[in-house]
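A.B. asks: The following block contains a protein sequence and its predicted model.
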Amino acid sequence: MSRAFALRAAAIALLGAVALTSTAAPAAAQARPGSDTSTVVFDVGGVHVILRRNTANDVVAANLYLLGGNQQSTAQTAGTEPFLLWVSERGTKHYTRDALTSKMAALGSAIVVEPRNDWTVFGFRGTRDTFDSTWAILADRLIAPTLAPADVEFIRAQVLAGVRQRNDSPDDLVQGLADSLLFAGQPYALASTGNERSLTSITAADLQKYRTTQMVTSRMLLVVVGNIERARLEKLILPTLGTLPHGRYKWTPPPDPIVRPADVMFVQRALPTNYLLGYYPGPRSTGSDYQALRIATSVLSGRLFTEIRVRRNLTYDVSAPFVERAISSGGLYVTTVYPDSVLGIMRREIARMQNSLLDPENLNVIVQQFITEYFLNNETDAEQANQIARAELYGGDYRLAGQFVEQLRAVTPEQIRDAARKYMKGTHFAYVGDSTKVSKQLITSF
C-alpha cells in the first residue's frame, strides 16, 4: 500500500467519513455464484507449493518467492538477484530475445520481478489457457538464462539510471536513508535493487555463479491462485524447477535491529520544501502486538493529517507509516517548510497516543476501514498470493491470512496505547532540505 493511500485511508477512517456495519462483509469478498475455492499445500520436485484454486474466472497468478531477500546480499553484492532476473528477459536457452518478446505479446501474459526485503517475487499474471506456455518461459528464464555480456551491460545501464534517478528524488532518497539508519549493519539497511557501487561491479560471471549456487528449490515457495488443477501444476514443475538442486536453505527472519539512541542524517538540498522521514523498530511479525502497532500508526496518521494538514495547512503530505516485514517498523513522515512547528505537533500527538485511550467507537470505524481495504486488495489473485506468502513465512501457516479480520477486531484500546508506549520512541530520521530550518535537539528527541 502506498504512503498516500495509507494516509487517505487513515484520515477518512478517523474523521468518520466512512461508516460500515460490522455484520456484513463487502460484496467484493463474497464468492461469486458457481465458484469453488480450495487451498492445498504440497511439495513437488523439492519446491514447496501452495495452490488456491478458484474457479470463479480463468485469471491465474503464479508467484515464485525466492526467499532471503536482503539476507542474500552484502553492500558489495546488493541487487544481484533482481539484476539476474531482469537480464534473463534478454534471452534464454530456448528463447532468443526477439522470440521472448513476441511470445509474451502473443500470450498476453506479464512476468514480474519484484525485489523485497525478505524475498524476491518472480511470477506472472496470465490465464488458464496460456498458463502452460507462460510457465515454460518463466522457468527457462530462471533455469537457463543466456546472460550474454552485451545483455548484462544493457540492463546494467537501465538499472543504474533508475538508481541515480532515485537519488535525485527527495522522497525516494529520504526513504532509503531512513531505512539505512534504523537498520544500520543489518540486512534491511540494504537497497533490494542494489546500489550504484554494487551494480557497477557485478559481472556476467557473478550472475552465472549466483544462478548456479543460489537457485535451489529449498529457497523457493510457489503460490498459485486461480483456476489450475494440482495435477497440471505438478506436471509443469517436475521437468522444470524440479530439475534444480535442492540445497540446504532454511528461511529465517533477519536479526533484530541494533538498539541505538534517536538520531538524524541531514542531506542539504536547495528545495522549496523539506522532507522528513523517521523510523523506529516495531515488533516481529509473530509478536502479539503486531496488529496493535499497525492500528496505532493508522490512528496517529489520521490525527497528524487533521492537526498538521487540515487545521494548520503546514504540509502537503503527512503520515505515520507502518512497514510490514518480518521485523516491522513504524515511522513519521512529512514534507513541510515549517519542520520545527510540525515536529512539535508530532511530539504532542505521540504523547496523546501514549497517555490516553482511543474511544472504542472510533476504533471500530478504523478497524472496519482496514477490513474493507483487506477485502478490496484480495479481489486480485496476485494480492491473494502475497497474503498467503506473508502468512506462511511470517506466521508459519498460510491459514493465518484468513484470520486477519479477527486479529484486528480483537485489538483493544489498551493494547494500542501500550504499543505506542513501547515502540514509538528511538526514531531515526532522515532529513532532505534546508537543515537550518530545524532544531537538531528537537528532531533527535523522538
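C.D. replies: Done, it's in. Residues are numbered from 1 along each chain as shown.

A.B. asks: roughly how far apart are residue 240 and residue 227?
C.D. replies: Separation of residue 240 from residue 227 (C-beta to C-beta, to the nearest Å): 21 Å. The C-beta positions use only the backbone N, C-alpha and C, and glycine is treated the same way.

A.B. asks: ranges for the strands of the protein?
C.D. replies: Using DSSP state E, the strands of the chain run over residues 37-44, 47-54, 59-67, 110-115, 119-127, 220-226, 263-268, 274-284, 317-319, 322-323, 327-336, 428-433.

A.B. asks: Can you check what angle separates the last one from strand 274-284?
C.D. replies: For strand 428-433 against strand 274-284, the angle by axes from the mean of the first three to the mean of the last three C-alpha atoms, to 10 degrees is 160 degrees.

A.B. asks: tell me the mean pLDDT for strand 428-433?
C.D. replies: Strand 428-433 comes out with an average pLDDT of 97.

A.B. asks: Please apply the same query to the fourth one.
C.D. replies: Mean pLDDT, computed over strand 110-115, is 96.

A.B. asks: which other helices and strands contact that strand?
C.D. replies: Judged by 3 or more C-beta pairs under 8 Å, 6 or more residues apart in numbering; DSSP states H and E, strand 110-115 is in contact with helix 80-87, strand 119-127, helix 131-143.

A.B. asks: and if you look at the longest one?
C.D. replies: In terms of contact count using 3+ C-beta pairs under 8 Å, 6+ apart, strand 274-284 is assigned the packing partners helix 170-182, helix 290-304, strand 322-323, strand 327-336, helix 339-355, helix 413-423, strand 428-433.

A.B. asks: How many neighbouring residues does the residue lying closest to residue 297 once chain neighbours are set aside have?
C.D. replies: Closest residue to residue 297 apart from its sequence neighbours, by C-beta to C-beta, 6 or more residues apart in numbering: residue 322 at 4.1 Å. Residue 322 has 22 neighbours, counted by other C-beta atoms under 10 Å.

A.B. asks: Is residue 322 bridged to anything, and to what?
C.D. replies: residue 330 (DSSP bridges).

A.B. asks: That one reaches residue 298, doesn't it?
C.D. replies: Yes - at 7.2 Å, residue 322 and residue 298 qualify as touching, with contact defined as C-beta atoms under 8 Å.

A.B. asks: Domain parsing of this protein, as residue ranges.
C.D. replies: Listed domain ranges for the chain are 3-14+254-443, 33-243 (source: automatic domain parsing).

A.B. asks: got the buried residues for stretch 180-188?
C.D. replies: Of all the residues in stretch 180-188, those buried under the rule 16 or more other C-beta atoms under 10 Å are 180, 181, 182, 183, 186, 187, 188.

A.B. asks: scratch that, stretch 167-174
C.D. replies: Buried-residue list, stretch 167-174, by 16+ other C-beta under 10 Å: 170, 172, 173, 174.

A.B. asks: any idea which of those residues is closest to residue 391?
C.D. replies: residue 172 (29.4 Å; C-beta to C-beta).

A.B. asks: ok, residues contacting the lengthiest helix in the chain?
C.D. replies: Ranked by number of residues, the top helix in the chain under DSSP state H is helix 149-168. For helix 149-168, contacts defined as C-beta atoms under 8 Å, 6 or more residues apart in numbering pick out 79, 83, 86-87, 90-91, 97, 172-173, 176, 191, 193-196, 199-200, 202-204, 207.

A.B. asks: Pull out the buried residues from these.
C.D. replies: Buried, going by 16+ other C-beta under 10 Å: 79, 83, 86-87, 90-91, 172-173, 176, 191, 193-195, 199, 202, 204, 207, out of the contacts of helix 149-168.

A.B. asks: Got phi/psi on the residue nearest the centre of the chain?
C.D. replies: By C-alpha atoms, centre = their mean, the chain has its centre lying nearest to residue 116, at 6.0 Å. With angles defined as degrees, to the nearest 10, residue 116 sits at phi -130, psi 170.

A.B. asks: OK, contacts around it?
C.D. replies: 69, 192.

A.B. asks: list the contacts for residue 247?
C.D. replies: 216, 217, 218, 219.

A.B. asks: I'd like to know how many residues surround the nearest residue in space to residue 86 that is not next to it in sequence.
C.D. replies: The shortest distance from residue 86 to any non-neighbouring residue, by C-beta to C-beta, 6+ apart, is to residue 155 (5.0 Å). Burial of residue 155 is recorded as 21 neighbouring residues (other C-beta under 10 Å).

A.B. asks: can you check residue 330 too?
C.D. replies: Counted with other C-beta under 10 Å, residue 330 comes out at 24.

A.B. asks: my read: it touches residue 297, true?
C.D. replies: Yes - Residue 330 lies in contact with residue 297 (C-beta under 8 Å); the separation is 4.9 Å.

A.B. asks: picking up where we left off before, is it possible to get a markdown table of the strands of the chain that adds distance to residue 147?
C.D. replies: Formatted as a markdown table, these follow (distance: least, C-beta to C-beta, whole Å):
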| stretch | distance to residue 147 |
| --- | --- |
| strand 37-44 | 27 |
| strand 47-54 | 23 |
| strand 59-67 | 17 |
| strand 110-115 | 15 |
| strand 119-127 | 16 |
| strand 220-226 | 20 |
| strand 263-268 | 36 |
| strand 274-284 | 36 |
| strand 317-319 | 41 |
| strand 322-323 | 33 |
| strand 327-336 | 33 |
| strand 428-433 | 36 |
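
A.B. asks: mean pLDDT for the ones you listed: which is lowest?
C.D. replies: strand 37-44 (a mean of 91).

A.B. asks: Of all the residues in that strand, which ones are buried?
C.D. replies: For strand 37-44, by 16+ other C-beta under 10 Å, it's 39, 44.
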